[in-house]
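**Student:** here is my input; please provide its structure:
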Amino acid sequence: MDWVRLGVIFGSICIISGAPQGQTPEPIKIISQTNEISPEGNYEWSYEGANGIKAEEKGNVKKTNDPENPEALAAQGSFSYTDPEGNQISLTYTADDEGGFQPVGNHLPTSPPIPPNILKALEWIASQPSTTERNGRR
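**Tutor:** Got it, this is the predicted structure:
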């Protein structure tokens, strides 16, 4: 392949990749926003957009019993928005070194209930005396 053809191919690729990729959406106006950080490492932030999205979080440094990591961060927060179907989605959460991230929201999936016959069997098993001997063997 000669240099002219290579140049034409390269130039064509540059022109195609530089073409507009669609309209850029209008930036969402921020109605309110806060961001505070204390010298101790605690923080608090929040924002609300004109599109109805709201979010906030507070974080606190706490002491731990771990000598290698004597401090940890515990956070609590929430966010809400409207999904494409028009449903209001709200989620609150806590996060720390002991329990990890713990979200709560009506839109989150939940496990199905335990069937009554399984629940009855589990209750029966729990009511039976232990069959382990002192050395931990049966």
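**Student:** going by C-alpha atoms from here, please, whenever you check contacts or count neighbours.
**Tutor:** Noted.
**Student:** now the strands for the chain?
**Tutor:** 30-37, 43-49, 54-63, 71-82, 88-96, 100-104 (DSSP state E).
**Student:** quick check: the closest residue to residue 53 other than its chain neighbours vs residue 58, distance?
**Tutor:** For residue 53, ignoring the flanking residues on the chain, the nearest one in space by CA to CA, 6 or more residues apart in numbering is residue 81 at 4.6 Å. For residue 81, the distance to residue 58 equals 19 Å [CA to CA, to the nearest Å].
**Student:** ok, residue 21 next?
**Tutor:** 39 Å.
**Student:** those two: who's more crowded?
**Tutor:** residue 58 (18 against 8; other CA atoms under 10 Å).
**Student:** contacting residues around the more buried one?
**Tutor:** 42, 43, 44, 45, 75, 76, 77 (CA atoms under 8 Å, 6 or more residues apart in numbering).
**Student:** low pLDDT regions in the protein?
**Tutor:** 1, 18-20, 132-138 (pLDDT under 70).
**Student:** could you list the buried residues of stretch 2-20?
**Tutor:** Judged by neighbour count (16 or more other CA atoms under 10 Å), stretch 2-20 contains no buried residues.
**Student:** same question, stretch 34-43
**Tutor:** Going by neighbour count (16+ other CA under 10 Å), the buried part of stretch 34-43 is 42, 43.
**Student:** compute the first-to-last residue distance for it.
**Tutor:** End-to-end span of stretch 34-43 (CA to CA): 10 Å.
**Student:** residues touching the longest helix anywhere in the chain, excluding its own?
**Tutor:** When the chain is parsed with DSSP state H, its longest helix is helix 3-17. Outside helix 3-17, not one residue touches it by CA under 8 Å, 6+ apart.
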